[in-house]
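**Q** next one to model:
(one chain, ligands or ions: 1)
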Amino acid sequence: MRIIDIILKKRNGEKLSREEIDYMVREYTLGNIPDYQVSALLMAIYFQKLDDEETAYLTESMMNSGEIVDLRHVEGIKVDKHSTGGVGDKTTIALAPIVAACGVPVAKMSGRGLGHTGGTLDKLESIPGFNVNLTKDEFINQVNEIKVSVIGQTSNLVPADKKLYALRDVTATVDNISLIASSIMSKKLASGADAIVLDVKTGSGAFMQDINDSFELAKEMVQIGTNMNRETVAIISDMDQPLGYAVGNCLEIKEAIDVLLGRGPEDLKELCIVVGAHMILLAKKADDLGQAKAMIEEAISSGKAFSVFKEFVERQGGDITFIDNIELLPKAKEIYALRATKRGYIHKIHANTVGLSAMILGAGREHKDSIIDLSVGIVLNKKCGDFVTEGDVLAYIHSNNSILTEQSATKMITAFKIEQNIPEIRPLIFGTVT
Ligand code: URA
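**A** The predicted structure follows:
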C-alpha cells in the first residue's frame, strides 16, 4: 500500500477502505509517513469529506493506536462526559462532584489542550497542591472510595490523535465534522467508560458556529458511540456568549465552587443540571430525567456535592484551606474595569473574542509548551439581554501586566454589541440527540 494512492483516491472523492485508513493511522503514528503527505490527505478529507463508515473506521483505528483503559475494577456504570470546548466552560469541575454525590462513579481523564484558557486539569491545578498524575491503582481506588477522580490522560492514550490533532491545528483542517468526531470519540472510547454524555457547543466560541453543523457533529458522535456499544447522548448547548461570567483558570474554579454552594450563574447551573441528569440516567441511578434533576438539586442544597468536592480535592493533594476560603486562591495584581461607551441592550458578547482577550493576558496556551498564568482572566459583569448605560462596567480584566491589560481591553470592547432594541435571547440548550 502507498500513501500517495490513498491521497489521490480521497482527492478524487472516492471512498477509503478500512485497510487504507488503518494503514495511514498506523504508519503515521509510527513515523513512517511524513507530515506533508498526511497534511495533503487531511486537506483532501476536509474538502471531499468522509462518510459514516469511513469515520467509524478512522475512529476505531485511532482508538486502537494506543492503550485502552480498563475500568472493569471500578464498581458501577461509569459515565464519561465530554464538552467540545468553549469559553468559560468549567462545567466538569462542578459536575463531577455533583453526580458523584448522586452515586455515579466518575473516573475522568482530561486533556490540557490548546485554548483561550487552560483545560480542566489546569483549572484544577489552580488549587495549590492539586495532583492530576495519580497511578492507575490510585485512580481506581479513589473512584471506588469517593466516586470521583479526575486525572491527566495517560501519554499512550490514542497517540494517533496527538499527532493528527497537532497537524490539523497547523494545516487549517480542525473544523471538519468527521475529523472532530473521530478525534473526540476515539479518546472517549479508549478511556474505558460504559456510557458517554457529550456537550456539543454551538456559536461564536465553538468549533461549530452553525447550529445545523453542531447537530450533525452530535449525530455523528452518538452514532459512533452507539455502534461501539456505548450508550451515548449528546446535548447541543449555546456557546455564543461565554458560559457563566468567569473566563480564566482560577477565576473559573471560584465560579464552579459557587455552583456547588448553590449560588453561581444561572446558565452554568442549568447546564450542570441537564448534563448531570443525563449522566445519572445513563448510570441507571434514576428512572427519568425529572427524578435525576431533583437528585442534583438535593445534592447541591444539602451540601453533599460540596463536601464530595472537598474530599476529591483533598484526596488529590489539594489544600482545602483554599476551598473553604476562596479569597486565598491566587489573584492577579490588577483589576481593570471595562466600561460601556454607549447606552442600550447587550445583543452579543462574542465568545471567541472574550477568549482571545483572556489569552492575551496569558490565561491560555498558544503552543503545547506555553506556560499559562492561572490567576488572570476576564470576569463579565453583564450578559446578553442586560441593559447598560454609558460608563457601566461591562467586564473586569484581571491582569498581571498593565501593557497586556490595555491590549486585552482593546480587544475585549469589540466583543460587545450594544443596540437600542430588546434582543432575542438564545436558549442555553438547543436540543438533545440520542
Ligand atoms: N477536541 C478534540 O479532542 N478533537 C477535535 O478534533 C476537536 C476538539
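**Q** packing partners of the helix or strand hosting Val274?
**A** Assessed by DSSP states H and E, Val274 sits inside helix 266-282. Using 3 or more CB pairs under 8 Å, 6 or more residues apart in numbering; DSSP states H and E, the elements in contact with helix 266-282 are strand 79-83, helix 91-101, strand 195-202, strand 231-238, helix 249-260, helix 289-301, strand 429-433. Just so you know, the C-beta spots here come from the backbone N, C-alpha and C atoms, and that holds for glycine as well.
**Q** figure out which of these is closest to Asn12.
**A** Closest approach to Asn12 among those (CB to CB): strand 195-202, 31.3 Å.
**Q** quickly run through the sheet partners of the closest one, with directions.
**A** Paired neighbours of strand 195-202 in the sheet (DSSP bridges): strand 79-83 (parallel), strand 231-238 (parallel).
**Q** so which of the helices and strands packed on helix 266-282 gets nearest Glu406?
**A** When the helices and strands packed on helix 266-282 are compared by CB to CB, helix 249-260 sits nearest Glu406, at 19.6 Å.
**Q** state the mean pLDDT of the closest one.
**A** Rounded to a whole number, the mean pLDDT of helix 249-260 is 97.
**Q** got the CA positions of that helix in CSV?
**A** Extracted in CSV, the C-alpha atoms of helix 249-260 (Å, rounded to 0.1, in the frame of the first residue of the first chain):
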residue,chain,number,x,y,z
ASN,A,249,-8.4,29.2,35.3
CYS,A,250,-8.5,30.3,38.9
LEU,A,251,-11.5,32.6,38.3
GLU,A,252,-13.4,29.6,36.9
ILE,A,253,-12.6,27.5,39.9
LYS,A,254,-14.2,30.1,42.1
GLU,A,255,-17.3,30.1,39.9
ALA,A,256,-17.6,26.3,39.9
ILE,A,257,-17.4,26.4,43.7
ASP,A,258,-20.2,28.9,43.7
VAL,A,259,-22.4,26.5,41.8
LEU,A,260,-21.5,23.7,44.3
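**Q** quick one: that helix to helix 266-282, angle?
**A** Taking axes from the mean of the first three to the mean of the last three CA atoms, to 10 degrees, one finds that helix 249-260 is oriented at 70 degrees with respect to helix 266-282.
**Q** and the contacts of helix 249-260?
**A** Residues outside helix 249-260 that contact it (CB atoms under 8 Å, 6 or more residues apart in numbering): 88, 90, 93-94, 97-98, 117-118, 122-127, 244-246, 264-265, 268-269, 272, 300, 305-306, 309, 323, 326, 329-331, 363, 372, 374-375, 377-379, 398.
**Q** switch to 6 Å and redo it
**A** Contacts of helix 249-260 with the rest of the structure, by CB atoms under 6 Å, 6 or more residues apart in numbering, involve 90, 93-94, 117-118, 122-123, 126, 244, 246, 264, 268-269, 305-306, 309, 326, 329-330, 374-375, 377, 379.
**Q** quick one: work out the angle between it and helix 289-301.
**A** 110 degrees.
**Q** may I see the buried residues of helix 249-260?
**A** Judged by neighbour count using 16 or more other CB atoms under 10 Å, the buried positions of helix 249-260 are Asn249, Cys250, Leu251, Glu252, Ile253, Lys254, Glu255, Ala256, Ile257, Asp258, Val259, Leu260.
**Q** quick one: distance of that helix to the chain centre.
**A** Distance of helix 249-260 from its chain centroid, counting by CA atoms, centre = their mean, to the nearest Å, is 15 Å.
**Q** the chain should start at 272 in everything you say after this.
**A** Will do, 272 is the new start, and the previous item becomes helix 520-531.
**Q** and the angle from it to helix 362-372?
**A** Between helix 520-531 and helix 362-372, the angle comes out at 30 degrees (the same axes, to 10 degrees).
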